[in-house]
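J.: sequence first, then the predicted structure, then my questions.
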Amino acid sequence: GAVVSQHPSRVICKSGTSVKIECRSLDFQATTMFWYRQFPKQSLMLMATSNEGSKATYEQGVEKDKFLINHASLTLSTLTVTSAHPEDSSFYICSARQANNYGYTFGSGTRLTVV
Amino acid sequence: AQTVTQSQPEMSVQEAETVTLSCTYDTSENNYYLFWYKQPPSRQMILVIRQEAYKQQNATENRFSVNFQKAAKSFSLKISDSQLGDTAMYFCAYNQGGKLIFGQGTELSVKP
């Protein structure tokens, strides 16, 4: 079945530094990937949609300069949290959609802690 | 705006019994997909069941089935013969325009 690998699973960084999270589709080509943020006991909030070879589309209220998304190939999308602050601490999840398929596969998530 | 509403923040059920989780959504589209995802303590999102809106027949996957009422925009999930491993957060989600929009979630506890 379709597998999405997300790394790292946990990361702790200092305030003011940047952190990159990778989302990779292992056995299929993902024309579209999605990035979500989830607070404890809450739902997944869509942050942005990334399409291979084009700029990401951000949801309202999401700072595009803070959350940089790159989708340079059909199997890899990255989310970089720039100049991280403690309020950016959260659980980030990526999802990939297969071409011509309404199946969505999720990565295992990244717990980001900014200290 | 498209919205998905799960009105039950928490539910519990005895092992081997049946439980129904409710979900309503709002859309003006005619063709779309609806999903139920499970998120156990590991936080990995797992697809439980999927329904295509143009299909009148309710989807079924083993112990999981849905009651899809298109006119009422209702999409409830029934879990039969509940098992301890069913304990998790359950999210209803709606797809349109390629994006998955999630409801608030229902925390289900299966008690022995």
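T.: Structure's in. What do you need?
J.: per-residue pLDDT, the residue of chain B found nearest chain A?
T.: Of all residues in chain B, the one sitting closest to chain A is residue B:45 (3.8 Å; CB to the nearest CB). C-beta: built from backbone N, CA, C; applies to glycine. At residue B:45, the predicted lDDT confidence score is 96.
J.: residue A:102 too?
T.: In this model, residue A:102 is scored at 68, pLDDT.
J.: with the one 4 residues further on instead?
T.: Here the pLDDT value assigned to residue A:106 is 95.
J.: how much space is there between the residue of chain B closest to chain A and residue A:94?
T.: 10 Å (CB to CB, to the nearest Å).
J.: tell me which of those two has more neighbours.
T.: Counting neighbours by other CB atoms under 10 Å in any protein chain shown for residue B:45 and for residue A:94 shows that residue A:94 has the greater number, 29 against 26.
J.: joint contacts of residue B:45 and residue A:94?
T.: Shared contacts of residue B:45 and residue A:94 (CB atoms under 8 Å, 6 or more residues apart in numbering or on different chains): residue A:106.
J.: grab the most central residue of chain B for me.
T.: In chain B, the residue lying closest to the centroid (CA atoms, centre = their mean) is residue B:36, at 3.5 Å.
J.: the strands in chain B, which residues?
T.: Secondary structure of chain B (DSSP state E): strands located at B:3-5, B:10-14, B:19-21, B:24-26, B:33-39, B:46-52, B:60-61, B:64-69, B:74-79, B:88-96, B:99-102, B:106-111.
J.: mind putting these in CSV, distance to residue A:104 included?
T.: Converted to CSV, the strands of chain B look like this (distance: least, CB to CB, whole Å):
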stretch, distance to residue A:104
strand B:3-5, 15
strand B:10-14, 25
strand B:19-21, 19
strand B:24-26, 16
strand B:33-39, 8
strand B:46-52, 7
strand B:60-61, 16
strand B:64-69, 17
strand B:74-79, 16
strand B:88-96, 8
strand B:99-102, 6
strand B:106-111, 19
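J.: on that earlier part again, residues in contact with the residue nearest to the centre of chain B?
T.: By CB under 8 Å, 6+ apart, residue B:36 lies in contact with B:21, B:23, B:47-50, B:64, B:66, B:75, B:77, B:90-93.
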